[in-house]
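# Starting from these lines, generate the structure:
(2 chains)
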Amino acid sequence: MSNPADLSMTEAADAVRAGEVTSVALLEACWRRMDAVNPTVNATIWTDREGAMAAAQAADEAVRKRAKLGVLHGVPMMHKDMYYQAGKLSTCGSALRRDWRPTVTATVIERLAAAGAYTFGGLNMAEFAQNPTGHNKTFGDCHNPWNPPYITGGSSSGSGASVAARFNYMALGSDTGGSIRLPASANGVSGLKPTQTRVSRYGVMPLSFTHDNVGPLTRTVRDCARVMSVIAGHDPRDPTSAREPVPDYEAALTGDIRGVRIGVPLNVFFDGADPQVTATIEAALLVMKARGAVVTRLTLPLMDAVAAYGGIVSRVEAATIHAEWMRSDPQAYGAHISGRMYPGYAIPAPYYVESLSRRGPILRAFAAEVFAQVDVLVTPTIRTCLPTLAETDIDHGPPGTETKFMAVSANTRPFNYLGLPAISVPCGFDPHGCPIGLQIAGRPFAEARVMRVADAYQRDTDFHTKRSPLVGD
Amino acid sequence: MSTFLAQTEAMIATWHGIAAPNDPGRRLAAELAGTIAAFEKLRGTLVFEDEPASFEAALQATKEPAP
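Model prediction:
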């Protein structure tokens, strides 16, 4: 076997279960790669070598004893540093929680552990999951493994970068306005934002109670599917989680997308798009058409309302959660974090209530019109070629930097307000060598269909197998 | 400083006891004028709600039909 760090998550898990590789070998391969590339990308906040090695040895012992093994048995993982593990550090990317240790463990961490996975560190992230770029004034900016001066996307910056740099098999991210899909796109990995309510958020740092989602960033869509089969489903400790049955997502990856109706928006999602991005998406559509999908161009309804209302809810909820620290210690935040929260305090309550109360009716109207015509929507995840960290540095940049900063998440935010599942998969590269992402969204609870389309695309392309120059051949 | 921004800062200070943390905060607060304009465009689209609208019910009502 070549370097075990280069395996996908499902390959690694299956190899451990088959006795073809040990968990210790996986962990050591990840350590070696991390030691080599992490000084450049800065994707981690903390690591636990001793604890991880003990977990790896225990996993290998279970294989030797022919114990019942879970579908992620022996796979080391690191997650965005906001998934609580009782007694372990969980900084949430902020100086305000630099030494904070929760007393509870997130349901998703427990479910991954029950499937045999273990963690070996906590990943860099935007402070309190609040930027789409990967800037972090406390733990240092996260750098793109494909071209380090460029953004990793955020807020799950370390999740995207560690998976792309091939020293992490899977990372949980969180997505309130694009924070899984943006780093998936910018780093050339696969990242799924599930339907709102699909995955438990118990023990996960909140940003926006109504818009937060938990999901995976991985090297392949198949990896996403396996993770979703483990973490999705109702959790009594998160009463907002849906009671919807969890399908076998991996079994849904048949490669058959004949007759699937793909919708390409004529409005909003390509406004101001860079030609290289548009051309790349058009090329991806040809790949899917060749597999039998039917491509339709359509104008999406209600997008002004989605933008106006969607922009209100998460801002008000984040501002509310952070009010005490904004009063007592505002300078502990990066300027772009406190600066973005500040206007949230001026938004009138009727605006917030209107935004929330219209969410259901807007989803119904949107779905009735759009999903009568198509099964999934395809857009660029990010409309433009990636900007650099310097170009989007609000803390130190000139007035107007905010515009470039906010433009990064223009194509992901609408699906948070609508609550729809959406995945980003790599589909090409921009002139700076940075990845371009293809966003595929579907009806509520249509994760299986969304992943089937994305997986079919990956069967005919090799962008997800490309390695950054930092990792080498 | 514009009247709008001054009023906004005063209102936040009065209602929340929070001061503008920095210049980006002031610039983004000034952009709330755009938020108001966006809401103005939506006026007339609301209907009187006799029942609370449930987003979770809408998710169920619009989900993928069973195969």
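
# Now do A:Thr44 against A:Cys142, distance only.
Using CB to CB, to the nearest Å, A:Thr44 is found at 9 Å from A:Cys142. To be clear about C-beta, it is placed using only N, CA and C from the backbone, and glycine gets the same treatment.

# These two: who's more crowded?
Ranked by neighbour count (other CB atoms under 10 Å in any protein chain shown), A:Thr44 and A:Cys142 place A:Cys142 first, with 35 against 22.

# what's the closest non-adjacent residue to the one residue in chain B that gets nearest to chain A?
Nearest to chain A in chain B, going by CB to the nearest CB, is B:Pro24, at a distance of 3.2 Å. Nearest residue to B:Pro24, sequence neighbours excluded (CB to CB, 6 or more residues apart in numbering or on different chains): A:Gly339, at 3.2 Å.

# cool, A:Ala129 as well?
A:Ser155 (4.1 Å).

# And for A:Leu300?
Ranked by CB to CB, 6+ apart and with sequence neighbours excluded, the top spatial neighbour of A:Leu300 is A:Pro265, at 5.0 Å.

# The spatially most central residue of chain B: what's it in contact with?
In chain B, the residue lying closest to the centroid (CA atoms, centre = their mean) is B:Thr35, at 6.8 Å. The contact partners of B:Thr35, by CB atoms under 8 Å, 6 or more residues apart in numbering or on different chains, come to A:Ala308, A:Gly311, A:Ile312, A:Ile347, A:Tyr351.

# for it, helix, strand, or coil?
When classified by DSSP: H, G, I helix; E, B strand; the rest coil, B:Thr35 comes out as helix.

# Find me the pLDDT at it, would you?
pLDDT, B:Thr35: 94.

# residue boundaries of the strands in the stretch 351-473 of chain A?
Listed in chain order, the strands of the stretch 351-473 of chain A (DSSP state E, counting those that start in this stretch) span A:376-380, A:422-429, A:435-442.

# Turn the ones you listed into CSV, including distance to chain B, mean neighbour count and mean pLDDT.
Putting the strands of the stretch 351-473 of chain A into CSV (distance: least, CB to the nearest CB, whole Å; neighbours: other CB atoms under 10 Å in any protein chain shown; pLDDT from 0 to 100) gives the following:
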stretch, distance to chain B, mean neighbour count, mean pLDDT
strand A:376-380, 10, 25, 98
strand A:422-429, 14, 28, 98
strand A:435-442, 7, 28, 98
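
# So for A:Thr403, which of these sits nearest?
strand A:376-380 (18.2 Å; CB to CB).

# my read: A:Gln439 touches A:Ala410, true?
No - with contact defined as CB atoms under 8 Å, A:Gln439 does not count as touching A:Ala410 (11.4 Å).

# which of the contacts of B:Thr35 are close to chain B?
By CB under 8 Å from any CB of the partner chain, the members of the contacts of B:Thr35 lying near chain B are A:Ala308, A:Gly311, A:Ile312, A:Ile347, A:Tyr351.

# What's the separation between the residue lying closest to the second one once chain neighbours are set aside and A:Pro4?
Of all residues not flanking A:Gly311 in the chain, B:Thr35 sits nearest, at 6.7 Å (CB to CB, 6+ apart). Distance check for B:Thr35 against A:Pro4: by CB to CB, it reads 50 Å.

# Kindly report the same for A:Thr299.
According to CB to CB, A:Thr299 and A:Pro4 sit 48 Å apart.

# quick one, which of those two is more surrounded?
A:Pro4 (23 against 11).

# now that one: how far from chain B?
The gap separating A:Pro4 from chain B is 37 Å, by CB to the nearest CB, to the nearest Å.

# what's the helix or strand for the residue lying closest to that residue once chain neighbours are set aside?
Nearest non-adjacent residue to A:Pro4, counting by CB to CB, 6+ apart: A:Ala29, 4.2 Å away. Using DSSP states H and E, A:Ala29 sits in helix A:23-41.

# distance between that helix and the chain's centre?
21 Å (CA atoms, centre = their mean, to the nearest Å).

# okay, which residue is most central for chain A?
Most central in chain A (CA atoms, centre = their mean) works out to A:Ile180, at 1.8 Å.

# for that residue, what are its contacts?
Contacts of A:Ile180 by CB under 8 Å, 6+ apart are A:Ser156, A:Ser159, A:Gly173, A:Ser174, A:Gly191, A:Leu192, A:Lys193, A:Asn213, A:Gly215, A:Pro216, A:Leu217, A:Ser424.
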